[in-house]
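Engineer: have a look; sequence and predicted model below, questions after that.
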Amino acid sequence: MGLGHWNRRRDSQSSGRTMESSSTQSAAADADLARLIAYLYRRGELHMSSSNEDDGSEDEYMKDFQMPFSVPPAAANIDTSAMDASELKQEMLNDSWALKFSGTGPTPKSSVSHLLLQREHGSIDRRNFQRAIWRSASDCYIPNKYELKERFHNKVFCGTYSQSGDIFLSACQDRQIRIYDTSNGGFRKFNSIHALDVGWSVLDTSFSPDSRYLVYSSWSDYLHLCDVHGQQRVHQSLPLIPNSQHGFCIFSVVFSQDSREILGGANDRCLYVYDLERKERTLCVEAHEDDVNAVSFADESSQILFSGSDDGLCKIWDRRTLQESDPHHVGILAGHLDGITFIDSRGDGRYLLSNCKDQSIKLWDMRHLSSKKAQDETKQCVARQNWDYRWQQVPRKVYRNRKRITGDSSLMTYQGHTVLNTLIRARFSPKFTTGQRFIYTGCANGAVVVYDILTGQIVKTLQGHNACVRDVSWHPYQNNLMSTSWDCTIAQWSYVMDEEDAQVATAKTCQSNSSCSK
């Protein structure tokens, strides 16, 4: 969060202060000091550690982050009107038999035998059986069993699968990037990279599409490129040459689909593009009015870019017309009430999601842009925020204020998870196994929360960690997902039929047998 942002908040608060007592002055001074410390900490100019840091133990003050957080209330009345009228809903209905069968409600638990009987009974089009039923069956069996995979002495910030799902990487606060072979259901570490020039922690990573390279970012003027398997011993520093003289950080980084460019979002409000073939930074544009926390490409063409910021706005950019001397976005999406922590693209050049400090996820159609009034109202709401999500609990007023702002152009809003401490990730579930039916996210209370994309309902809450889950990654082709947490662990979630699922599946099968015998 930028200094100007804090000054705006401080000025708005100071106007109403009086000098009635020395205790009031002391409280105000303490509040200003807290904001200054938070600002310096965010900029990377202040680091807090215990005297026994070298022994690999956890910093004492960070134990505060392992305090249990209350689970936020889920939205009571979910507005699905925009989703009900959208092309996305019709597309998903056409693509999945289970959705046709169940309407707009949650997917029913269905055994494989039940699905086969439905096909034989003529309820399912045989021509589309394989794809639709595979996805429908996967929709019914959301991962639910916790398995500890790794435990470290420091917090884990990043954990993602490669596009093929055969490799998984984790980035830990001990400056180690560990790389695992996950082919054929395995989990074997085959490489470990000691990250260079790290301030606080490695904050983001990205695989190249061919899984040969990875890039990581931290509080540094450089990005760092490494070969995944370590055979070429590549560990290059990529200079971004920011205008900022100190305290520079890339919060979000991603490869283009052709592996030629790397896109980053920084705390100096700018977007950066580094060209690997030319070996130079080719673009730096001031994109937002505050820190750029999230960036993403819209689809495989890598021509349309998304960015999300602490100013509460998502912006859309066309790489083909974006110029450093005269930068212009092609659209803005407004509706959040606070800073955006993460953006994930559906990969179809249309839809994206944003996770936010207002304790919500929003789903957007990039063709439905927001009005100037909506943009202004979002900025006003962000400017009125006077709490720090890294240090404080969520104020009650945040949960009470769930009314959509005028002109909010999002399709859906998902509420029921907590965004605190760090830039928590949220993503679309895989296309191959789930048809992207779900949105799943980490949570500050140690959970992984899974939402139904069409109804906004929470369909699964995975409890296993005892501190903030910062990153989540669902295998692109197998029915398991990984969660990385500030409790210093990596966990894998897979599906195991519980008693409730078994009862429902048995009832469905019996019902099918009965109908088929008539």
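Structural biologist: Sure thing, it's come through.
Engineer: so where do the helices sit in the stretch 201-350 of the chain?
Structural biologist: With DSSP state H, counting those that start in this stretch as the definition, the stretch 201-350 of the chain shows no helices.
Engineer: and for the chain?
Structural biologist: Under the criterion DSSP state H, the chain contains helices at 3-14, 22-43, 81-84, 87-95, 97-102, 112-120, 129-140, 372-384, 396-400, 431-434, 499-517.
Engineer: so which residue is dead centre in this structure?
Structural biologist: By C-alpha atoms, centre = their mean, the chain has its centre lying nearest to Arg425, at 2.1 Å.
Engineer: surely that residue touches Tyr440?
Structural biologist: No. Applying C-beta atoms under 8 Å, one finds Arg425 not in contact with Tyr440, separated by 9.4 Å. (Glycine included, C-beta is placed from N, CA and C.)
Engineer: name the residues contacting each of these two.
Structural biologist: Counting by C-beta atoms under 8 Å, 6 or more residues apart in numbering, the contacts common to Arg425 and Tyr440 are Val472.
Engineer: ok, now which ones touch Arg319?
Structural biologist: 273, 302-305.
Engineer: what does His194 give?
Structural biologist: For His194, the contact set (C-beta under 8 Å, 6+ apart) comprises 175-177.
Engineer: go again with 10 Å.
Structural biologist: 174-177, 226, 235 (C-beta atoms under 10 Å, 6 or more residues apart in numbering).
Engineer: beta partners for it?
Structural biologist: According to DSSP bridges, the partner residues bridging His194 are Gln176.
Engineer: I'd like to know how many residues surround the nearest residue to Thr182 once chain neighbours are set aside.
Structural biologist: Spatial nearest neighbour of Thr182, excluding adjacent residues (C-beta to C-beta, 6 or more residues apart in numbering): Phe168 at 4.8 Å. Applying other C-beta atoms under 10 Å, we find 24 residues neighbouring Phe168.
Engineer: thought Phe168 was touching Asn191?
Structural biologist: No. Using C-beta atoms under 10 Å, Phe168 makes no contact with Asn191, being 11.5 Å away.
Engineer: overlap in contacts, these two.
Structural biologist: Shared contacts of Phe168 and Asn191, defined by C-beta under 10 Å, 6+ apart, comprise 178-181.
Engineer: poorly predicted segments of the stretch 351-500 of the chain, please.
Structural biologist: Across the stretch 351-500 of the chain, the ranges flagged by pLDDT under 70 are 499-500.
Engineer: list the residues that contact Gly442.
Structural biologist: 159, 341-342, 355, 417-419, 422-427, 448-449, 465, 468-472, 483-486.
Engineer: how about 6 Å then?
Structural biologist: 424-425, 469-470, 472 (C-beta atoms under 6 Å, 6 or more residues apart in numbering).
Engineer: roughly how far apart are it and Arg320?
Structural biologist: Applying C-beta to C-beta, to the nearest Å, the value for Gly442 to Arg320 is 34 Å.
Engineer: low-confidence regions, the chain specifically.
Structural biologist: Along the chain, segments meeting pLDDT under 70 span 1-75, 96-139, 499-518.
Engineer: for Arg188, which non-adjacent residue is spatially closest?
Structural biologist: Asp181 (4.7 Å).
Engineer: over to Met482?
Structural biologist: Using C-beta to C-beta, 6+ apart and skipping residues adjacent in sequence, the residue nearest Met482 is Ser473, 4.9 Å away.
Engineer: burial count for that neighbour?
Structural biologist: Neighbourhood size, Ser473 [other C-beta under 10 Å]: 23.
Engineer: correct me, but it touches Gln163?
Structural biologist: No. If you go by C-beta atoms under 6 Å, Ser473 and Gln163 don't touch, sitting 11.3 Å apart.
Engineer: list residues touching both of those two?
Structural biologist: Joint contacts of Ser473 and Gln163 (C-beta under 6 Å, 6+ apart) do not exist.
Engineer: re the thing from before, contacts only, for the residue nearest to Met482.
Structural biologist: Residues in contact with Ser473 (C-beta under 6 Å, 6+ apart) are 159-161, 482.
Engineer: name the member of those with the most neighbours.
Structural biologist: Busiest of these [other C-beta under 10 Å] is Gly159, holding 28 neighbours.
Engineer: coming back round to it: so which of the contacts of Gly442 sit within strands?
Structural biologist: Among the contacts of Gly442, DSSP state E puts 469-470, 472 in strands.
Engineer: now rank the residues you listed by neighbours and give me the top one.
Structural biologist: Taking other C-beta under 10 Å as the neighbour criterion, Val469 ranks highest of the ones in strands among the contacts of Gly442 with 30 neighbours.
Engineer: for that residue, give its distance to Gln176.
Structural biologist: Between Val469 and Gln176 the computed distance is 20 Å (C-beta to C-beta).
Engineer: and what of Phe255?
Structural biologist: Noted for Phe255: a distance of 21 Å to Gln176, by C-beta to C-beta.
Engineer: these two: who's more crowded?
Structural biologist: Phe255 (23 against 15).
Engineer: so who does the more buried one touch?
Structural biologist: Neighbouring residues of Phe255 by C-beta under 6 Å, 6+ apart: 206, 208, 262.
Engineer: Ala491: which of the residues you listed is nearest?
Structural biologist: The closest of the contacts of Phe255 to Ala491 turns out to be Ser206 (C-beta to C-beta; 21.8 Å).
Engineer: near the nearest residue to Asn421 once chain neighbours are set aside, how many residues? Count them for me, please.
Structural biologist: Nearest non-adjacent residue to Asn421, counting by C-beta to C-beta, 6+ apart: Cys468, 4.8 Å away. A count of neighbours around Cys468, defined by other C-beta under 10 Å, yields 25.
Engineer: and Ser81, by the same measure?
Structural biologist: Residues near Ser81, counting by other C-beta under 10 Å: 10.
Engineer: check Thr182 too.
Structural biologist: For Thr182, the neighbour count with other C-beta under 10 Å is 22.
Engineer: ok, now Ala76?
Structural biologist: Neighbourhood size, Ala76 [other C-beta under 10 Å]: 7.
Engineer: same thing with the one 10 residues further on?
Structural biologist: Taking other C-beta under 10 Å as the criterion, the count of residues near Ser86 is 19.
Engineer: before we move on, what about Lys279?
Structural biologist: Neighbour count for Lys279, taken as other C-beta under 10 Å: 10.
Engineer: just how off-centre is stretch 274-287 within its chain?
Structural biologist: 24 Å (C-alpha atoms, centre = their mean, to the nearest Å).
Engineer: how long is that stretch end to end?
Structural biologist: With C-alpha to C-alpha, to the nearest Å as the measure, stretch 274-287 spans 16 Å from end to end.
Engineer: mind listing what's buried in it?
Structural biologist: Of the residues in stretch 274-287, those buried by neighbour count under the rule 16 or more other C-beta atoms under 10 Å are 274, 276, 281, 283-285, 287.
Engineer: and the two most separated of these?
Structural biologist: Spanning the widest gap among these are Leu276 and Ala287, at 21.4 Å by C-beta to C-beta.
Engineer: out of the buried residues of stretch 274-287, which is nearest to Ile405?
Structural biologist: Among the buried residues of stretch 274-287, and counting by C-beta to C-beta, the member closest to Ile405 is Ala287, at 21.7 Å.
Engineer: what sits closest to the closest one if chain neighbours are left out?
Structural biologist: Leu271 (4.6 Å).
Engineer: what does Tyr180 give?
Structural biologist: Phe168 (4.6 Å).
Engineer: wouldn't that neighbour be in contact with Ile179 here?
Structural biologist: No. At 7.5 Å, Phe168 does not count as touching Ile179 under the criterion of C-beta under 6 Å.
Engineer: quick check: beta-bridge partners of the closest residue to Glu280 other than its chain neighbours?
Structural biologist: Distance criterion C-beta to C-beta, 6+ apart; nearest residue to Glu280, sequence neighbours excluded, is Tyr274 at 7.3 Å. For Tyr274, the beta-bridge partners under DSSP bridges are Ile262, Arg281.
Engineer: for Tyr274, give me its contacts.
Structural biologist: So Tyr274 contacts 238, 262, 281 (C-beta under 6 Å, 6+ apart).
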